[in-house]
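Enquirer: Curious how this folds, go ahead:
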Amino acid sequence: MRHLPNLLTCLRLALVLPVAWLLLRQQYPQALWLFLLAGLSDALDGLLARRFGWTSRLGAWLDPIADKLLLVISYVCLTLNGLVPVWLTAVLLLRDLVIVGGAGAFAIASVRSTSVRPGSASARPCCRSCWSWRCCWKPACCRAWARPTTCSCRWWRC
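Expert: Okay, the predicted model is just below:
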């Protein structure tokens, strides 16, 4: 049962091609039903993952990929059919590229910042009040450097 959210995400990925095929053949009612099924599977897998803690690293990657792929392919097919303007599809594609690029840059930066040699200057804890690493990832990071008597960590429960 733990892998049910991942199976639902795979179902959503498998629905991308049939939705695209139906849209290109201008069979919109059938495509809408498959799109609704994909949307329901997205809601259900999110609910199951949060409610029962059935999260996985694979699901964390596949779920947004499935969502973006279904949306982008649908927009492209509707644009090819002349129902959606090209500029709107271009804006959607650019937005998704910025989101994916930003997430990738953040992932690379977070890996680099956590892989430092012990004892190096960059390996020192962020907060001088509680000597915690975890506050480094919080929005109010390192207020303690400016005022060593107050630790921002108490607000973030680290």
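Enquirer: which stretches of this structure have low pLDDT?
Expert: Low-confidence regions of the chain, defined by pLDDT under 70, span residues 112-158.
Enquirer: top helix in this structure by residue count?
Expert: helix 86-114 (DSSP state H).
Enquirer: same for it, what does it pack against?
Expert: For helix 86-114, the helices and strands in contact under the criterion 3 or more Cβ pairs under 8 Å, 6 or more residues apart in numbering; DSSP states H and E are helix 57-80. Every residue, glycine included, has its C-beta placed from N, CA and C.
Enquirer: center of the chain, which residue is that?
Expert: Nearest to the centroid of the C-alpha atoms of the chain, with distances taken as Cα atoms, centre = their mean, sits Pro64, at 5.0 Å.
Enquirer: and it, how far is that from Gln27?
Expert: Noted for Pro64: a distance of 28 Å to Gln27, by Cβ to Cβ, to the nearest Å.
Enquirer: Quick check: Pro85 touching Thr79?
Expert: Yes. Because the distance of 7.4 Å satisfies Cβ atoms under 8 Å, Pro85 is recorded as touching Thr79.
Enquirer: More neighbours: which of the two?
Expert: Looking at Pro85 and Thr79 with other Cβ atoms under 10 Å, you find the greater number of neighbours at Thr79, namely 17 against 11.
Enquirer: The more buried one contacts Leu92, correct?
Expert: No. In this structure, Thr79 is not within contact of Leu92 by Cβ under 8 Å, at 9.5 Å.
Enquirer: what's the domain layout of the protein?
Expert: With automatic domain parsing as the criterion, the domains of the chain are listed as 4-113, 126-156.
Enquirer: before we move on, the earlier item: so what's the residue nearest to the centre of the chain up against?
Expert: Contacts for Pro64 were tallied using Cβ atoms under 8 Å, 6 or more residues apart in numbering; there are none.
Enquirer: Repeat that for Thr79.
Expert: If you count contacts by Cβ under 8 Å, 6+ apart, then Thr79 has 85-86, 88-89 around it.
Enquirer: What separation do you get for it and Pro5?
Expert: When Cβ to Cβ is the yardstick, Thr79 and Pro5 sit 31 Å from each other.
Enquirer: do Asp96 as well
Expert: From Asp96 over to Pro5 the distance is 22 Å, taken as Cβ to Cβ.
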